[in-house]
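Colleague: No letters, just coordinates:
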């Protein structure tokens, strides 16, 4: 059995519109932040097209590699929404009308408005578990450890809250950010020393541009607050020695 402290997930963003740049991916940040809060670390994110074989192969590869897999996009009413059928094939489960999903959608729409396109949103692996949708009615679904969510960010965000009791998480992943008015080259050596001596804290540095000046955000991530605090102290010590200005602490 997987150690509770080492629960991992992968995210699959499905959609030609994301790959073409027409649609900006906001779901990765939403999912990763939420999963981290549950103690589930995201090990991989892939953006793939609406191609059945690609979806099947990617889902089958990642579902054995990670504890959880989350897909976004491709479960709507249009002809190019093929995620539900592809996942049915990945698991060798019949694709068709899910009785409970059909009943939810039939009740959601006014009489006469539950047309063929909207009925398509009730088609999925027939034995899947539903992910209820408090925003627009159409449910997502999950089979074993693969969770399929819509691509619309606001709807996805509203739906994931109901999954907290389904997922088994580990220790929450904590973070702290130190923003400095400096260049990465000025702190690289000192930051490397801190990282080498604290392997259980993930330390990242990210340049930013603010008020006409370049700066660096140092992000510390760990499951242990004491270790984050230790690294923060070590970093602030060398920052003080180098007379580097701290913009703000988050």
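Modeller: Now that the structure is in, tell me what you want to look at. Since the model is a prediction, treat every value here as computed from it, not as a measurement. Numbers count the residues shown, from 1 in each chain.
Colleague: how far out from the middle of the chain is stretch 39-54?
Modeller: Its chain's C-alpha centre and that of stretch 39-54 lie 10 Å apart, by CA atoms, centre = their mean, to the nearest Å.
Colleague: Would you indicate which residues of the longest helix along the chain are buried?
Modeller: Scanning the chain for the longest helix, with DSSP state H as the assignment, gives helix 225-241. Buried residues in helix 225-241, defined by neighbour count with 16 or more other CB atoms under 10 Å: 228, 230-232, 234-236, 239. (C-beta placed from N, C-alpha, C; glycine too.)
Colleague: The residues you listed: which two are farthest apart?
Modeller: Maximum pairwise distance in these, criterion CB to CB, is 15.9 Å, between 228 and 239.
Colleague: give me the beta-bridge partners of residue 149?
Modeller: With DSSP bridges as the criterion, residue 149 is bridged to residue 72.
Colleague: Distance check, it against residue 130.
Modeller: Here the distance between residue 149 and residue 130 works out to 12 Å (CB to CB, to the nearest Å).
Colleague: Can you work out which residues contact both of the two?
Modeller: Any residue near both residue 149 and residue 130 by CB atoms under 8 Å, 6 or more residues apart in numbering counts here, and that gives residue 140.
Colleague: More neighbours: which of those two?
Modeller: With neighbours defined as other CB atoms under 10 Å, residue 149 and residue 130 compare such that residue 149 has more, 27 against 15.
Colleague: and the more buried one, how far is that from residue 116?
Modeller: 23 Å.
Colleague: and if you look at residue 174?
Modeller: In terms of CB to CB, residue 174 sits 48 Å off from residue 116.
Colleague: Mind listing the strands the worst-scoring helix or strand of the chain on mean pLDDT pairs with, and their directions?
Modeller: Ranking every helix and strand in the chain by mean pLDDT, DSSP states H and E puts strand 245-249 at the bottom, with a mean of 78. Take DSSP bridges as the rule and strand 245-249 pairs in its sheet with strand 174-181 (antiparallel).
Colleague: Which parts of the chain are helices?
Modeller: For the chain, helices defined by DSSP H occupy the ranges 16-19, 27-37, 52-65, 83-90, 99-108, 116-120, 153-160, 184-196, 225-241.
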